[in-house]
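*Asks:* Structure of the sequence below:
(2 chains)
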Amino acid sequence: MERTYNKKMNTTGKKVATTIAIAFVLFAAGGAQSGAPSTTEQDAAAALHEARSAYQTSDQLGFAWRPAKLALAAAEAALVVGDYAQVLEHAAQARRLADASIAQAEREASAWQGRAPFDTNHQPRALK
Amino acid sequence: MQHLARIAIAACTLIWMPFLYADPASDRTALRDFYAKRFPDIPLSAHKDGAYALNAGAREQWLELEDFPPYEIEVDEGAELFTTAFADGTDFSACFRDARVRQDFPRFDAEQATVVTLEMAVNACLHDHGEAPWDYGSAEMNALTAYIAFKSRGQIVDLPTPQTAAEMDAYNAGKRFYQSRRGQLNFACSNCHVQIVGNQLRAETLSASIGHVTHWPTYRFKWQELGGLHLRFQECNSQVGAEPFQLQSEVYRNLEYFLTFMSNGMQWNGPTTRK
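*Replies:* Next comes the predicted model:
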């Protein structure tokens, strides 16, 4: 009987300890979040500047992507309404897409020459 | 700084690239041979009808549409515009004779050192006679070019072989554009119109490029109006996720120049209808 009681107490104690620990972790995380510096206008403007710069490079190369332009426009629209977190998100996407389009331009600087039908080594595939 | 370096590398690449190109006549032969092998039962001249040369069912429907074509009104409007007097008392016949001039464009203008298209020539004519130019995508431009195309039907595409350095630059720029993958979907013109030509993308049959320039402006049911070749270029670019260039931009004019040379020997057959 005593052993059972002790066992119950142990189980209850463990539950209480776990609950306190979880509450503490959640409280600490919340505190850390509220204490962390929020996205500032400067962060957003810097991210947008980098995204714009990358997009302009791809545009100058003649390989701009439409989705990159749309993401850039979304970032600029978010900046107007002061939603800096959204600016960061859209600017990062625009930057990724613009970088990919620049990589495409660099690849295509020579890759286009090996394509059918002007590459004499290429044989057309049979029509499926 | 990194971006500047990338631009510099690309610029250097462009400078020495022209020396690696084949001559235009060989390119044209290669493209025609390719289509001849790919479609042994279809005469090359039939590709002026685009996908309707490849798909019998679609061709039948298209021919029926051509009995009462939706571009008829615009052709009539173009005829009227052609003879409407400018402020100086002349009209378009001062620039384009009897309107049978479709086969004269595009051409490379040595003086301007650029490819001149029919649309550019129309605006040059307006300018020379003291008139305001038209927007390249305007109803007036489409109507007048439709009338010129209609009057020029049956004439043969016969672009002189590019020879001078400037002509070759324009030709090579067009060829390079045609062969370069672009956009988020990473497609070149040649991916659809050479590599998988004749196959279908969804419900659309992919046409051969040797007929791509012959039939403009075209009434596309998707657009619900007439539009020019460059509008189609813009649409193609957008469809693969690339940012399109301006109508009559140098990039598109060079592409038109390249495609027109590839189409030498075909009939001019505009305007027409497409899905």
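*Asks:* Show me the helices in chain A, by range?
*Replies:* A:2-35, A:41-60, A:66-80, A:84-111 (DSSP state H).
*Asks:* Per the annotation, how does the chain divide into domains?
*Replies:* Looking at chain A here, since you left the chain open. Chain A breaks down into these domains under automatic domain parsing: A:1-35, A:41-110.
*Asks:* You answered for a different chain; I wanted chain B.
*Replies:* B:22-67+B:156-274, B:72-151.
*Asks:* right, and these - which one's nearest residue A:107?
*Replies:* domain B:22-67+B:156-274 (7.8 Å; Cβ to Cβ). Quick note: C-beta positions are derived from backbone N, CA and C, even for glycine.
*Asks:* C-terminal to the helix-or-strand element of chain B with minimal mean pLDDT, what's the next element?
*Replies:* The helix or strand of chain B with the lowest confidence, counting by mean pLDDT, DSSP states H and E, is helix B:2-16 at a mean of 54. Next helix or strand after helix B:2-16 toward the C-terminus (DSSP states H and E): helix B:24-38.
*Asks:* Let me know which of the domains of chain B is the nearest to chain A.
*Replies:* Among the domains of chain B, the nearest to chain A by Cβ to the nearest Cβ is domain B:22-67+B:156-274 (3.7 Å).
*Asks:* The closest one and chain A, are they touching?
*Replies:* Yes - using Cβ under 8 Å from any Cβ of the partner chain, domain B:22-67+B:156-274 reaches chain A at B:22, B:27, B:30-31, B:33-34, B:37-39, B:175-176, B:179-184, B:186, B:188, B:190, B:194-195, B:198-199, B:238, B:241-245, B:251.
*Asks:* can you tell me the average pLDDT over stretch B:161-171?
*Replies:* Across stretch B:161-171, pLDDT averages out at 97.
*Asks:* got a list of contacts for it?
*Replies:* Stretch B:161-171 is contacted by residues B:18, B:21, B:24-25, B:108, B:110, B:113-115, B:253-254, B:257-258, B:261 when judged by Cβ atoms under 8 Å, 6 or more residues apart in numbering or on different chains.
*Asks:* run the last query once more with 7 Å
*Replies:* Stretch B:161-171 is contacted from outside by B:18, B:24, B:25, B:108, B:110, B:113, B:115, B:254, B:257, B:258, B:261, using Cβ atoms under 7 Å, 6 or more residues apart in numbering or on different chains.
*Asks:* Filter these down to the buried ones, PyMOL style.
*Replies:* Burial among those is assessed by 16 or more other Cβ atoms under 10 Å in any protein chain shown; the matching PyMOL selection reads:
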select buried, chain B and resi 24+108+115+254+257+258+261
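*Asks:* Looking at the contacts of stretch B:161-171, which one is closest to residue B:210?
*Replies:* residue B:261 (10.2 Å).
*Asks:* what about the closest one, which helix or strand?
*Replies:* Residue B:261 belongs to helix B:250-262, assigned by DSSP H and E.
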